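Trainee: Structure for the following, please:
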Amino acid sequence: MKIIGGKSPSEAGFNIGVFNDFNFQTSFGAYHEIKDVNTDFLILSLKVSSLYTVDKKGNTNGNSAVFGIKIGYKLRDDYACYIAHRVAGIATSPYAFDLFFDVSDFDFSLGPYIKVFNLNQRSDPTNSKAARSIGTSSITEITSLKFRYPNTCYFLNVFDARGFTQPPNRQFDFKLLKIKVPENYDAESKTYDGFWSGEFDSVLRWTDNPAWILYDLITNYRYGLGKFSFQESLADKWSLYKIAKYCDELVSTENVSKFQPVLIEKIYRNSIDVKSDTDVDFTVYFPIGSKIDLVNLSFLTKFKFGNYGDTARKQATIRYLQYLSTSSLNPITNIHFIQMAYESDYRERNFNTSTLKIDQLFTGRSTSGTNVYPGDREVKLEDTICIQIHKVKLKCKQTNKFVGKIIYTLAIYYPENFASGYISSEPENFDIEDDAE
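Mentor: Numbers count the residues shown, from 1 in each chain. Sure thing, here's the model as predicted:
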């Protein structure tokens, strides 16, 4: 082993007895095992955080510190190398340096390792006139071999550090593994030319068709079932061909609006779980039959509001639905739930901290893009009551516990032809339903 820098313990006047486990543990030493048999060099990066003394006149003078280094084998501890490395001078700010060790001739079967000791007497923490703080920054293994990485994609990007204050973040979108596809299949356009003879293209292609990806996983001899002696002839490629053509069919997105249908899956105290049902229609029917049980069934009953006005309107709507579902003339059998702005996670809205009301809930009309958006107020139908579900993130310039919270709120539309023949006779006594923490 060749050592660049440092002295032997005898040269530095040390007994190797100081390189014991007690000193290692009490001095917070560093330990590293060399496990890569291809390692040629070891770089030991040491640091001096502070090193100085102050005399009676207040002058700053130099000080010294000693690093202890032990290099040996786990399976042969009687064969070891001991090094005492002394540094001297003044360091009022952190200073780092490296020691290089040529370990290419090590016997890696014996488990080589390196230990770093602090061979200095402990300083009195109350003594501000002397400082001796040292430690280990890192231990790095260096190999000079050029490795091959078969079946691996790796990317190298070189930047001029003068143009960046920190390493830039990079994101990549790769088309990686290429697989077998039918000879009449164009993987780019996802089209098939004529009838398939059953033969695969002689050139591997990239595709995201799940049927051909499955076929590859079943038959591949390197990473698929093929390496377990699965015969390719056992895979039903003709059925997969039918499935693949179905997977590549284009689905019409005509008339898909900016609002999306939802199904009420689960109701919580202050929120709801919803999911989309269809691609085109934006309404979901919520049955409220003639013998409606609004306490146990209705989404409205379990939806909580945080202010008096909205609570009152909700209770009035529940009684109105009870009346309409039992009306002798054209009783309603459903209401429409509409999830607004489904393409985004939420909308940010200002709210009033004193009234706990959102200042402006609705988004207005938009003429940008290929489709004209009529505005939130026009997302409605006239055949029954429509309830819009809005997901909102609250914001306010004042300090308030609700700022930054994401909530659901409702907007209820009553068709004009429903607004006759109903008068509530129940007392208007409501409690604020604020369940927010």
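Trainee: Could you grab the helix/strand/coil label for L177?
Mentor: Counting by DSSP: H, G, I helix; E, B strand; the rest coil, the backbone at L177 sits in coil.
Trainee: What about it, how many residues nearby?
Mentor: Using other Cβ atoms under 10 Å, L177 is surrounded by 14 other residues. C-betas here are computed from N, CA, C, even on glycine.
Trainee: 6 is where my numbering starts, stick with that
Mentor: Taking 6 as the first residue, the last one we looked at is L182.
Trainee: if you skip the residues just before and after it, what's nearest to it?
Mentor: With Cβ to Cβ, 6 or more residues apart in numbering as the criterion, L182 has its nearest non-adjacent residue at 7.3 Å, and that residue is W211.
Trainee: Name all residues that make contact with the one you found.
Mentor: Remark: with contacts taken as Cβ atoms under 8 Å, 6 or more residues apart in numbering, W211 is in contact with K180, L181, L182, K183, I184, A192.
Trainee: pLDDT at the fourth one, what is it?
Mentor: Reading off the per-residue confidence, K183 sits at a pLDDT of 92.
Trainee: just how off-centre is stretch 78-89 within its chain?
Mentor: Offset of stretch 78-89 from its chain centre (Cα atoms, centre = their mean, to the nearest Å): 45 Å.
Trainee: What of stretch 215-222?
Mentor: In terms of Cα atoms, centre = their mean, the centre of stretch 215-222 is set 28 Å apart from its chain centre.
Trainee: Let's test this: mean pLDDT of that stretch, rounded?
Mentor: Across stretch 215-222, the average pLDDT comes to 93.
Trainee: Widest-spaced pair of the contacts of W211?
Mentor: In the contacts of W211, the most distant members under the criterion Cβ to Cβ are L181 and A192, with 13.6 Å between them.
Trainee: out of those two, which sits in the more crowded spot?
Mentor: Neighbour count, other Cβ under 10 Å: between L181 and A192, A192 has more, with 20 against 6.
Trainee: any idea which element Q327 lies in?
Mentor: Secondary-structure element containing Q327, defined by DSSP states H and E: helix 313-330.
Trainee: For that helix, what is the distance to the chain centroid?
Mentor: On the basis of Cα atoms, centre = their mean, helix 313-330 sits 42 Å off its chain's mean C-alpha point.
Trainee: how near is N225 to D364?
Mentor: 59 Å (Cβ to Cβ, to the nearest Å).
Trainee: Then L115?
Mentor: Per Cβ to Cβ, L115 is found 74 Å from D364.
Trainee: Those two: who's more crowded?
Mentor: When neighbours are counted by other Cβ under 10 Å, L115 comes out ahead of the other of L115 and D364, with 14 against 10.
Trainee: Surely that one and L80 touch.
Mentor: Yes: L115 is in contact with L80 according to Cβ atoms under 8 Å; the separation is 4.5 Å.
Trainee: Out of the helices and strands in the protein, which is least certain?
Mentor: Ranked by mean pLDDT, DSSP states H and E, the helix or strand of the chain with the weakest confidence is strand 289-290, at a mean of 34.
Trainee: what about E237, how many neighbours?
Mentor: Neighbour count of E237, defined by other Cβ under 10 Å: 15.
Trainee: meant to ask about F407, not that
Mentor: F407 is flanked by 15 other residues according to other Cβ under 10 Å.
Trainee: Without its sequence neighbours, what residue ends up closest to it?
Mentor: For F407, ignoring the flanking residues on the chain, the nearest one in space by Cβ to Cβ, 6+ apart is L399 at 5.1 Å.
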